[in-house]
Structure formats: C-alpha cells, structure tokens
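Enquirer: following is a predicted model, sequence given first.
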Amino acid sequence: MKAESPVPTVPIFGIRVSKIDMKATVAYLTEAVRNREPHQVITANPIMVMTALENPAYMEIMKSAELVVPDGTGVVWAAEYCHEPVAERVAGFDLLHELLRQGERYTWKVYLLGSTPEVIHETSSRLQTQYPGIVISGYHDGYFGPDDDEKIISGILEAQPDLLFVARGADSQEPWIAKYKSRLNIPVMMGVGGSFDVISGKTKRAPIAFQKLRAEWLYRLLKEPTRYKRMLALPKFAVKVMREKDKVTKAQ
Ligand code: UDP
C-alpha cells in the first residue's frame with residue numbers, strides 16, 4: 001500500500017492490513033471507482049501471510065497491493081493480540097457482494113475471471129439476476145496459461161470494467177493481478193478464490209454457526225480434507241504471532 005494511503009492500517013509482518021470496517025471499505029473503493037484510481041485489493045488470511053514470509057516475490061505483491069483487507073479470522077486475531085485491532089473482519093466473499101450492491105447505484109461494469117466454464121457462466125447469470133443494476137460486461141473461465149494472457153487482457157480491456165474479480169486460487173490470482181494491474185488499470189481488481197464456486201451453487205459457504213465461531217477454515221477443512229497441508233500454516237502463524245508478539249507490527 002502506498003505511504004500516502006488514506007486508509008489506516010496495521011502492519012502484520014510488514015503487510016499493511018486495513019483497519020477500517022466493511023462500510024468504510026466500500027465507501028473507499030467507491031471513491032476509487034469515481035476517481036478511476038487502480039487498486040489491487042487483497043483479502044489477506046494467515047495462509048497468504050505465511051506464504052509471503054517464505055516467498056519474497058509473494059511478499060512484494062502483498063506489500064504493493066493498494067488495499068489489503070483482513071479476511072482471515074487469524075489476521076483479525078493477530079491484530080487484536082498485538083493491541084492494534086482492526087474494526088472488523090472484512091471477508092472477501094462479503095466484500096464482493098457489498099461492492100455489487102453498491103454497483104447497482106452507479107451501474108458499474110463488472111468482469112468475472114476464473115473457475116470453470118460452467119461455473120463462471122452460472123455465476124454470471126446468478127449475479128446478474130441478483131443485482132440487475134450492474135452490468136456484467138464480460139467473463140472468462142480461469143483455466144488458461146501464460147500464453148493466453150494477452151488475449152484475456154484484451155478481452156477485459158474491451159469490456160472496460162469498474163470491478164474485476166479473479167477467482168483462480170490465491171497462488172495464482174494475486175500474482176496474476178499484480179503482474180498486469182498497471183495495464184489493466186481497473187479501479188478495483190480483487191482475487192476472490194473459491195467465491196464463484198459458492199455463488200454458482202457448486203460448493204457451499206460455511207454455515208452461519210461456523211462463521212460466528214470464527215471457524216470457516218474448519219468447515220473447509222472438514223469438506224476438503226486435502227486442504228490440511230495448506231492449513232498447517234494456521235497454527236504456524238498463531239505460534240509465530242505469539243512468539244514474536246513485540247515484532248509482529250514492527251517488521252518493515
Ligand atoms: N481455478 C481456476 N484456474 C486454475 C485453478 C483454479 O480458475 O488454474 C479456480 C477454481 O475453479 C476455483 C478457484 O480457482 O473456482 C479457487 O480454487 P481453490 O478454492 O482451490 O483456491 P483457494 O482459494 O483455496 O486458493
């Protein structure tokens with residue numbers, strides 16, 4: 001995030017995480033659309049923070065994002081634990097919906113990139129039904145390689161979206177946006193992971209009970225046990241925060 005960013009942040013191991021709540025986040029991004037200021041929005045969770053700590057290139061991406069919101073409950077907890085609490089959790093899935101709701105007021109154009117051809121088709125039609133005031137100016141599935149990037153970028157540029165949501169998994173969506181954000185020049189460019197799978201009805205989001213217990217990660221682990229390796233990052237993150245409590249918010 002740029003030094004002059006008007007959003008108050010708490011640095012978590014050098015990654016500046018926004019402290020503002022959902023409402024203020026939507027208002028801030030609405031201004032970004034109004035002023036045509038490109039923003040890479042990253043929805044940070046402990047897995048991403050741990051990846052960044054092990055991978056300098058990924059760290060650079062997290063640091064250069066214009067807005068990093070506290071999506072993972074582990075990130076919210078870490079800020080609180082270090083006495084620099086964020087206003088609330090800003091989950092990427094909820095932010096996507098809040099932005100679309102807001103977009104209805106201004107007839108924002110939206111481009112959806114990622115997931116399978118069936119999922120993206122269904123997602124596009126469901127979102128258009130749910131938010132008739134927005135314009136889905138284009139969509140494309142997420143199963144393409146670097147050779148197709150140019151074609152994909154031309155398609156997005158032609159569609160002239162105000163919002164670009166990319167659902168390709170955190171390992172690839174954030175680097176992809178970072179690589180092309182200056183060419184795309186879209187006010188809101190945000191990675192949304194498995195959100196299209198949920199919107200299309202292919203998978204379910206964790207029930208409210210899990211969300212309230214701050215345990216969406218547990219629900220996902222139970223549904224997809226193969227995720228356990230990645231999820232080992234969660235306890236590792238917690239231990240690191242506790243061990244290095246004095247340094248967590250000081251790292252540059
Ligand atoms: N996906 C994609 N292209 C790929 C790999 C994955 O579009 O090359 C999509 C996949 O269909 C899913 C989304 O990326 O809709 C998120 O995948 P996953 O939940 O595995 O990623 P995570 O958010 O856990 O990193």
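Expert: Perfect, thanks for sending it.

Enquirer: next, the nearest residue to Ala87 once chain neighbours are set aside: phi, psi?
Expert: Distance criterion CB to CB, 6 or more residues apart in numbering; nearest residue to Ala87, sequence neighbours excluded, is Asp21 at 3.8 Å. C-beta coordinates here come from the backbone N, C-alpha and C atoms, glycine included. Asp21 has phi and psi values of phi -80, psi -180 when expressed as degrees, to the nearest 10.

Enquirer: cool, the one 5 residues further on as well?
Expert: Phi and psi for Val26, reported as degrees, to the nearest 10, are phi -70, psi -40.

Enquirer: tally of neighbours for it?
Expert: 18 (other CB atoms under 10 Å).

Enquirer: residues in contact with the residue nearest to Ala87?
Expert: Neighbouring residues of Asp21 by CB atoms under 8 Å, 6 or more residues apart in numbering: Ala87, Glu88, Val90.

Enquirer: residues in contact with the second one?
Expert: When you say that, I think you mean Glu88. Listed by CB under 8 Å, 6+ apart, the contact set of Glu88 reads Asp21, Met22, Val76.

Enquirer: please redo it, this time with the cut-off set to 7 Å
Expert: By CB atoms under 7 Å, 6 or more residues apart in numbering, Glu88 lies in contact with Asp21, Met22.

Enquirer: which SS state does it fall under?
Expert: Per DSSP: H, G, I helix; E, B strand; the rest coil, the local secondary structure of Glu88 is coil.

Enquirer: using the three-state scheme, assign whichever residue of the stretch 51-200 of the chain sits closest to the ligand.
Expert: Per CB to the nearest ligand atom, Gly142 is where the stretch 51-200 of the chain lies closest to the ligand, at 2.0 Å. Judged by three-state DSSP, the three-state class of Gly142 is coil.

Enquirer: okay, now the residue nearest to it when sequence neighbours are not counted: neighbour count?
Expert: Closest residue to Gly142 apart from its sequence neighbours, by CB to CB, 6+ apart: Gly114 at 3.4 Å. Using other CB under 10 Å, Gly114 has 28 neighbouring residues.

Enquirer: element containing Tyr230?
Expert: That one is not Tyr; residue 230 is Arg. Assigned by DSSP states H and E, Arg230 belongs to helix 228-231.

Enquirer: could you give the average pLDDT over that helix?
Expert: The pLDDT scores in helix 228-231 average 82.

Enquirer: output that helix as PDB, restricted to C-alpha atoms.
Expert: The C-alpha trace of helix 228-231 is given here as PDB (Å, rounded to 0.1, in the frame of the first residue of the first chain):
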ATOM      1  CA  TYR A 228      -4.900 -29.900   5.500                       C
ATOM      2  CA  LYS A 229      -1.300 -29.400   4.300                       C
ATOM      3  CA  ARG A 230      -2.000 -25.800   3.400                       C
ATOM      4  CA  MET A 231      -3.900 -25.300   6.700                       C
END
